[in-house]
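In: model the structure of this input:
(one chain, ligands or ions: 1)
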Amino acid sequence: MAIKKIITYPAEVLEKQCKPVQKFDKKLGKLLDDMYDTMIEHDGVGLAAPQIGMEERIAIVDIDNELGTIEMINPKIIKTSGEQNGPEGCLSFPNLFGEVTRPNYVKIEAYDRKGKKYTLEAEEFLARAIQHEIDHLDGILFTTKVTRYLEEDELKGVESE
Ligand code: CO
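Out: Numbering: from 1, shown residues only. Here you go, the predicted model:
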């Protein structure tokens, strides 16, 4: 396990379309473990592979709920509905927070580290975090979706991913 350096904006790798994972091997497991350590070290609620310099469709989310750490490999959004507007931060943009509007509900299909396909439904903050991470895999940064940047006195409890 290792803590990786987080790539901050601007960096080419953050705006790339990431490539699907082909091999579900030990190396993938190690990468996921490193991503977890890196996310925890930086108090994040999610992390995507390009944020540690890897152009691969791998992301994790952990909002400290009963689901634990959600590992998403080659994730796809298959359904969304509703709308939510809330604060968001990104580990690749230190000290930058903004309001982003996203669907309130999301259903995804993804693979776990063993290559087993699963579906997951999420709402509210978890849905927001999942969508933020999947955006990273398509090179889409939250700053392209911010409707209003937050002031310092509005940042209490806002987490980065
Ligand atoms: Co981010």
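In: residues in contact with the closest residue to Gly98 other than its chain neighbours?
Out: In this structure, Gly98 finds its nearest non-sequential neighbour in Val146, 3.3 Å apart by Cβ to Cβ, 6 or more residues apart in numbering. Yep, even glycine has a C-beta here, placed from its N, CA and C like the rest. Neighbouring residues of Val146 by Cβ atoms under 8 Å, 6 or more residues apart in numbering: 88, 98-100.
In: so what's Val146 bridging to?
Out: When bridges are called by DSSP bridges, Val146 pairs up with Val100.
In: endpoints of stretch 136-143, how far apart?
Out: When the termini of stretch 136-143 are compared using Cα to Cα, to the nearest Å, they are 11 Å apart.
In: give me the contacts around that stretch.
Out: Stretch 136-143 is contacted from outside by 9, 14-18, 48-51, 57-59, 75, 88-90, 92-93, 96, 98, 100, 132, 135, using Cβ under 8 Å, 6+ apart.
In: would you mark the buried spots in it?
Out: For stretch 136-143, a neighbour-count test (16 or more other Cβ atoms under 10 Å) marks 136-137, 139-142 as buried.
In: for the residue of the chain found nearest the ion, give the beta-bridge partners.
Out: In the chain, the residue found nearest to the ion is Cys90; the distance is 3.2 Å by Cβ to the ion. For Cys90, the beta-bridge partners under DSSP bridges are Phe93.
In: what's the neighbour count on Phe125?
Out: 15 (other Cβ atoms under 10 Å).
In: swap that for Lys26, sorry
Out: When neighbours are defined as other Cβ under 10 Å, Lys26 has 9 of them.
In: tell me the confidence at it?
Out: The model reports Lys26 with a pLDDT of 97.
In: returning to what we had before: what's the most distant pair in the buried residues of stretch 136-143?
Out: Maximum pairwise distance in the buried residues of stretch 136-143, criterion Cβ to Cβ, is 13.2 Å, between Leu137 and Phe142.
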